[in-house]
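>>> Need the 3D shape of this:
(2 chains)
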Amino acid sequence: MSRNQKPRLRFAPSPTGHLHIGGARTALFNWLLARKEGGTFILRLEDTDRERSRPEFEDEIIRDLRWLGLDWDEGPQKGGPHAPYRQSERGATYQRAVEDLLERAQAYRCTCSMGRLDAIRKEAMAQGRNPHYDGHCRDLHLGPDCGPHVVRFKMPQDGTTVVQDMVKGPIFFENQEMDDFVIRRTDGGYTYNFVVVLDDHHMGITAVLRGDDHLSNTPKQVQLYEALGALPPRFGHMPLILGPDGKRLSKRHGATSVGAYRDMGYLPQALLNYLARLGWAHGDQEIFTVDQLVEFFSLAAIGKAAGRWSSEKLDWVNQYWMQNLPITEISRRAAPFLKEMDLNPDPAMAEAALDTVRSRSHDLRDMVSRARFFFLSDNRLEMDPRAMRKFLKPAAIQRVEELAAELSILESWNQESLEDVIHGWLHQRDLKLKSIAQPIRICVTGQRVGPGLFETLEVLGKDRSLARIRNGIRRAREQA
RNA sequence: GGCCCCAUGAUCUAGUGGUCAGGAUGCCGGCCUUUCAAGCCGGCAGCACGGGUUCAAAUCCCGUUGGGGUCACCA
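Numbering: from 1, shown residues only, chains lettered A, B, ... in the order given. Predicted structure coming up:
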């Protein structure tokens, strides 16, 4: 790669499952680097596993990346100078390369049976040796007519391969530790370690940021570049995300896919913010806008140790963004959850209502359910019977009724005037706000917890507030 | 098991030879208060261990221990 041109980064998920949060972080870091350096971010689908790849996963990954706001300059649904960006469509390229390697004796055909391979592996393990292919067919010079066979890459048997890792520094691998890996399967399909090299090379990828789990593949890939006469990209291996118990993150730890977090009501900027901070730091800063991430991102600040997923910290970050994003955006993102709960409020009303509860909500779903009472019809409001018994006793009902009469003649129904009138009314009777706050709240929200009383009344409006108070009183009397 | 990576409070981390080891989440306590949150203030809690190097080590080196990754005709 020519080192002085704009970087080309890629994210290359395989559509064999949901977009995982680890994958999302990989995508994020590559995207950040590309955006920061004014480079190109490419999306490529590694669907060489014919058995497990599914178009619906592909759609889902694309949808989730879009939701996160990680846009690509080249890739599926977008095109680009190196199309196609789906490995299943790049077979011709791979075939040429295999033939070339075969011709130059950098690869060879192998007819070893799976059974033999398993046996070798088992025995090596038992003897405490590296369980590798023994090179049985390496020098047999088998031709194309040798029957069912795979093609293996001829790995150098001595020497050292050095990976100059951008996050970990130089890492040395003894070539004898690596075996002649399969590059083309019996069924003619190509393997990951092979196609990833070809594609990165053909697509002019200059740097590869990926998970630590790829580290041990890297020397094999470097040797492949060498055999192809190509210059490898720079590699950077990021520590993995572990579960809260330090074990590999799995479904047993709860939600692990981006889609699951979206469905639970998390905000994309919160997920991005949290993901970025897991394994990367910029001094003491915890909260970052996406623009700030782009501005401050640097490879040098990526940590080396694996991190543990903390849903508590994510919740905190999410809550921060719940409170601090423009209410119009919060409201827009809440729309699917409103629909899901069968609520169809007027948009302006919804925005005002959501604004009253967002500071006490840890996610969108929670926020919508907290604001739900605003959207129900006044006579269908569900009222908590226990709260009614506790706060709507005869004396309280009496006070609420009197106060309601006072409020009914109020002209400008807003927080300030409500506060004035109510405080004045309380003052005259030498009462505390405490004495009527919960009774009124129960009447207008049906619940014992809710947003501030004055803002609740304002958002609900005069008619609806008074109607709810009347209903509440009536129902409390019926219950008594 | 071989190879590779890693190691600051429960968790995420700042730190790059001289700091009272800083911040954040969580937890505990207080303030505020119309409920619940939010917010504000305070507290508990850490350099895995053992050797070196150095006038001086969380910082450098070696070892131990621990954790993780990987050894597929998966990616």
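>>> Is A:Gly259 within a helix or a strand, and which one?
helix A:258-264 (DSSP states H and E).
>>> Extract the C-alpha trace of stretch A:215-226 and format it as CSV.
C-alpha atoms of stretch A:215-226 as CSV (Å, rounded to 0.1, in the frame of the first residue of the first chain):
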residue,chain,number,x,y,z
LEU,A,215,-4.4,-12.1,15.9
SER,A,216,-3.3,-15.6,15.5
ASN,A,217,-4.5,-15.6,11.9
THR,A,218,-2.5,-12.6,11.0
PRO,A,219,0.9,-14.2,10.4
LYS,A,220,-0.8,-16.7,8.0
GLN,A,221,-2.3,-13.8,6.2
VAL,A,222,1.0,-12.0,6.1
GLN,A,223,2.6,-15.0,4.5
LEU,A,224,-0.1,-15.1,1.9
TYR,A,225,0.4,-11.4,1.0
GLU,A,226,4.1,-12.3,0.6
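>>> From A:Gly265, how far out is A:Gln319?
Counting by CB to CB, to the nearest Å, the gap from A:Gln319 to A:Gly265 is 11 Å. Quick note: C-beta positions are derived from backbone N, CA and C, even for glycine.
>>> which residues of the stretch 151-300 of chain A fall in strands?
Listed in chain order, the strands of the stretch 151-300 of chain A (DSSP state E, counting those that start in this stretch) span A:160-165, A:169-174, A:182-184, A:207-211, A:234-238, A:241-242.
>>> which residues are in contact with both of A:Gln319 and A:Gly265?
A:Asp363 (CB atoms under 8 Å, 6 or more residues apart in numbering).
>>> Lowest mean pLDDT among the helices and strands of chain A, which one is it?
helix A:114-126 (a mean of 87; mean pLDDT, DSSP states H and E).
>>> Next, the residues that contact that one from outside, please.
By CB under 8 Å, 6+ apart, the surrounding residues in contact with helix A:114-126 are A:130-134, A:136.
>>> touching RNA strand B at all, it?
Yes. Using CB under 7 Å from any atom of the strand, we find that helix A:114-126 touches RNA strand B at A:114, A:117, A:121, A:125.
>>> Can I get that helix in CSV, CA atoms only?
Listed next in CSV are the C-alpha coordinates belonging to helix A:114-126 (Å, rounded to 0.1, in the frame of the first residue of the first chain):
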residue,chain,number,x,y,z
MET,A,114,-11.2,-35.7,7.3
GLY,A,115,-10.7,-38.8,9.3
ARG,A,116,-7.0,-38.7,8.9
LEU,A,117,-6.9,-35.1,9.8
ASP,A,118,-8.9,-35.6,13.0
ALA,A,119,-6.6,-38.5,14.0
ILE,A,120,-3.5,-36.4,13.5
ARG,A,121,-5.0,-33.6,15.5
LYS,A,122,-6.0,-35.8,18.4
GLU,A,123,-2.7,-37.5,18.6
ALA,A,124,-0.8,-34.2,18.5
MET,A,125,-3.0,-32.8,21.3
ALA,A,126,-2.4,-35.9,23.4
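>>> Show me what counts as buried in that helix.
A:117, A:120 (16 or more other CB atoms under 10 Å).
>>> Name the nearest residue to A:Ser359, ignoring sequence neighbours.
Leaving aside its chain neighbours, A:Ser359 sits nearest to A:Gln323 (5.0 Å; criterion: CB to CB, 6 or more residues apart in numbering).
>>> Just want the most central residue of chain A.
Taking CA atoms, centre = their mean, the centroid of chain A lies closest to A:Val258, which sits 3.6 Å from it.
>>> where's that residue relative to A:His18, distance?
As judged by CB to CB, A:Val258 and A:His18 stand 7 Å apart.
>>> Common neighbours of the two, please.
Common neighbours of A:Val258 and A:His18, using CB under 8 Å, 6+ apart, are A:Asp64.
>>> Does the helix or strand hosting A:Leu403 reach RNA strand B?
A:Leu403 belongs to helix A:394-407 when elements are defined using DSSP H and E. No. Against RNA strand B, helix A:394-407 shows no contacts by CB under 7 Å from any atom of the strand, the least distance being 13.0 Å.
>>> Show the subsequent helix or strand relative to that helix.
Scanning onward from helix A:394-407 (DSSP H and E), the first element met is helix A:415-429.
>>> The helix or strand following that following helix near RNA strand B anywhere?
Counting by DSSP H and E, the element after helix A:415-429 in chain order, helix or strand, is helix A:434-445. Yes. Against RNA strand B, helix A:434-445 shows contacts by CB under 7 Å from any atom of the strand at A:434, A:437-438, A:441.
>>> From those residues, list just the buried residues.
Taking 16+ other CB under 10 Å as the criterion, what is buried in the residues of helix A:434-445 next to RNA strand B is A:437-438, A:441.
>>> how about stretch A:5-14 against RNA strand B, any contact?
Yes. Counting by CB under 7 Å from any atom of the strand, contacts between stretch A:5-14 and RNA strand B involve A:12-14.
>>> Only the C-alpha atoms, please, for the helix or strand where A:Arg96 lies, written as PDB.
Assessed by DSSP H and E, A:Arg96 sits inside helix A:91-103. Coordinates of the C-alpha atoms in helix A:91-103 are reproduced here as PDB (Å, rounded to 0.1, in the frame of the first residue of the first chain):
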ATOM      1  CA  GLY A  91     -15.400 -16.300  -7.000                       C
ATOM      2  CA  ALA A  92     -13.600 -15.600 -10.300                       C
ATOM      3  CA  THR A  93     -10.900 -13.500  -8.600                       C
ATOM      4  CA  TYR A  94     -10.300 -16.200  -6.000                       C
ATOM      5  CA  GLN A  95     -10.100 -18.900  -8.600                       C
ATOM      6  CA  ARG A  96      -7.500 -17.000 -10.600                       C
ATOM      7  CA  ALA A  97      -5.400 -16.500  -7.400                       C
ATOM      8  CA  VAL A  98      -5.500 -20.200  -6.400                       C
ATOM      9  CA  GLU A  99      -4.500 -21.300  -9.900                       C
ATOM     10  CA  ASP A 100      -1.600 -18.900  -9.800                       C
ATOM     11  CA  LEU A 101      -0.400 -20.100  -6.400                       C
ATOM     12  CA  LEU A 102      -0.700 -23.700  -7.600                       C
ATOM     13  CA  GLU A 103       1.300 -23.000 -10.600                       C
END
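>>> and the strands of the stretch 151-300 of chain A as TSV, adding mean pLDDT and distance to A:Lys339?
Converted to TSV, the strands of the stretch 151-300 of chain A look like this (pLDDT from 0 to 100; distance: least, CB to CB, whole Å):
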stretch	mean pLDDT	distance to A:Lys339
strand A:160-165	96	47
strand A:169-174	95	51
strand A:182-184	97	49
strand A:207-211	97	36
strand A:234-238	97	37
strand A:241-242	96	32
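>>> how about JSON lines for the ones you listed, with mean neighbour count added?
Listed next are the strands of the stretch 151-300 of chain A as JSON lines, based on neighbours: other CB atoms under 10 Å:
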{"stretch": "strand A:160-165", "mean neighbour count": "16"}
{"stretch": "strand A:169-174", "mean neighbour count": "12"}
{"stretch": "strand A:182-184", "mean neighbour count": "23"}
{"stretch": "strand A:207-211", "mean neighbour count": "22"}
{"stretch": "strand A:234-238", "mean neighbour count": "22"}
{"stretch": "strand A:241-242", "mean neighbour count": "20"}
